[in-house]
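> Fold the following and give me the result.
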Amino acid sequence: MMEEVLLADLVTALPPAVRMQRIVHVVRKHFGCDAVAVLHLQEDCLIPVATEGLVHEALGRRFRIALHPRFAAILGQREPVRFMPGSELADPYDGLLETQAGVPLPVHDCMGVSLHIEGVPWGVLTLDALATNTFNEGMRGDLGRHIILIEAAIRMTRLEDEVRSLRINPGSVDAISSLGQGGDESILGRSAELQSLLHELKVVAGSDLPVLLLGETGVGKELFARYLHRHSERDKALVQVNCAALPESLAESELFGHVKGAFSGATTDRPGRFEAADGSTLFLDEVGELPLAVQAKLLRALQNGEIQRLGEDHPRHVNVRIIAATNRDLLQSVREGAFRADLYHRLSVYPVPIPPLRERGQDILLLAGHFLELNRARLGLRSLRLSMDAETLLLRYPWPGNIRELEHVISRAAIKAVSRGASRKDIVTLEPSLLDVETQVNMPGLHVELPVITPADAALPFQTIVAIYERQVISTALVAEGGSWAATARRLSLDPSNLHKLAKRLGLKE
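Model prediction:
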């Protein structure tokens, strides 16, 4: 039966995620076990691609091989490996099985086998059964006989990915498989919003159009800039400038360079970031913070590909692709005279809004799983996970600080758990009380009673429920500030431009 399903899937066009999920499903059913996972090898880590029987946040984990001896043993040989009940090697899935969430795994059966594509290690397949003696030598041999079909299915998925990549970027021979997390190991998530965004970025990456990444603080704009560059045809290193960190007196020199004697302290000629990025991509982070005088020179560079070092008489020509990012409302800055209108139109040839974390649904748990594994390794814990109530709280919270805030919340909670006596030898479960997020929002002089979600409301789309909460918080703060949007932004610790965009999306202002 298993062989028939795998063969049938080989001649059927399936999305990568669906094909991989079918593999773990049919393996679990055939061997009658409690959990199956396929993990992809990337550098020194194994990254879950598809799982069945593990908690959802396990998909966000990054398992460093050096810290997990069972994975190292599986990768160390070509034949399937069986870990006998009572094996002293630590189990990487401790506390992560759905049926045993949060408790140490009892004595149980495990098998695993390394996966190879074109003779190169690609990853591993693991099987866990809570009942002892579920697996035997016959089953180990059975798994070995089916590996060739599983590897063929993975190879088929990779070939389909390469074909899609070549259609998007004709002539590209460096197609990147998207079997991991949306085609990039550093961008985690499987939500429709994220997948749509990554597809759009991959298409625009093949052009030399300037791209303006728009999004709130903490959404990871730098990662998306790197994704754009990686999928472009420019093979030199990405050059990055944090415009907000440039002192006004040094901004021009930093971007365009200077010659010896151009100013006090200029003892040698020095090229700027534009010259460093010649033939490559220049990422201008927080571009809205650039001084007006520097904006004029940046416009010239975009229009003509010409730069001029400070103190030099003749221009230099560079071939630079610009990716800019901002959390500001640049159109509002143009109206206020803080940003040049002509530069805005040059930079925003292709604007790309990055969705905030609250609009990415279950991606919150995948990202939480990633940060949990990082902190587990950092603190030397046997296992670190979220309770079901903690997961629910994370999904309900609106995350004004986005992914950066989530990372800090998980890190603080892990440290609190250890400081309050949690043993590093136990499975440490983070409860809501350890997380610095509240279902009620308390600010100086303001108490917001958030609406209660009824069972009927729970059928609404997740984004609709989040919008209900956001609307209530903003409305209450706005009333408390006498209708002043600027004061409301300060009270809510939001950038004014982000608050205006959010209010428009929620229908609170025209």
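
> can you list the domains in this structure?
The record's domain split for the chain, according to automatic domain parsing, is 2-165, 192-353, 360-434, 441-505.

> Give the burial count for Thr233, as a bare number.
I think there's a mix-up here, since residue 233 is Glu and not Thr. Residues near Glu233, counting by other Cβ atoms under 10 Å, number 13. The C-beta positions use only the backbone N, C-alpha and C, and glycine is treated the same way.

> wait, doesn't it sit right on Ser280?
No. Glu233 is not in contact with Ser280 according to Cβ atoms under 8 Å; the separation is 10.7 Å.

> where does the stretch 351-500 of the chain have low pLDDT?
By pLDDT under 70, the weakly predicted segments of the stretch 351-500 of the chain are 438-463.

> So which residues of it form helices?
Secondary structure of the stretch 351-500 of the chain (DSSP state H, counting those that start in this stretch): helices at 363-379, 388-396, 402-419, 462-480, 485-491, 496-505.

> and of those, who's closest to Ile427?
Ile427 lies closest to helix 363-379 among the helices of the stretch 351-500 of the chain, at 10.1 Å (Cβ to Cβ).

> So which elements touch the closest one?
strand 383-386, helix 388-396, helix 402-419 (3 or more Cβ pairs under 8 Å, 6 or more residues apart in numbering; DSSP states H and E).

> returning to that earlier point: worst average pLDDT in the domains of the chain?
Between the domains of the chain, the one with the least mean pLDDT is domain 441-505; it has a mean of 72.

> List the residues that contact the residue lying closest to Ala422 once chain neighbours are set aside.
Spatial nearest neighbour of Ala422, chain neighbours left out: Val428 (4.7 Å); criterion: Cβ to Cβ, 6 or more residues apart in numbering. Applying Cβ atoms under 8 Å, 6 or more residues apart in numbering to Val428 gives the contacts Leu381, Arg382, Ser383, Leu384, Arg385, Ala414, Ala417, Val418, Ala422.

> for Trp122, same thing?
Neighbours of Trp122 in contact, by Cβ under 8 Å, 6+ apart: His40, Leu41, Leu115, His116, Glu151, Ile154.

> For burial, what's the neighbour tally of Arg471?
Arg471: 16 surrounding residues under other Cβ under 10 Å.

> Relative to Pro210, how far out is the closest residue in space to it that isn't next to it in sequence?
Nearest residue to Arg471, sequence neighbours excluded (Cβ to Cβ, 6+ apart): Leu506, at 4.9 Å. As judged by Cβ to Cβ, to the nearest Å, Leu506 and Pro210 stand 30 Å apart.

> Then Thr51?
40 Å.

> And the two? Which one has more around it.
The neighbour count for Thr51 versus Pro210, taken as other Cβ under 10 Å, is higher for Thr51 (24 against 18).

> ok, and the more buried one, which helix or strand is that part of?
strand 45-52 (DSSP states H and E).

> Ala153 too?
Assignment of secondary structure by DSSP H and E places Ala153 within helix 137-168.

> now Thr126
Per DSSP H and E, Thr126 falls inside strand 120-129.
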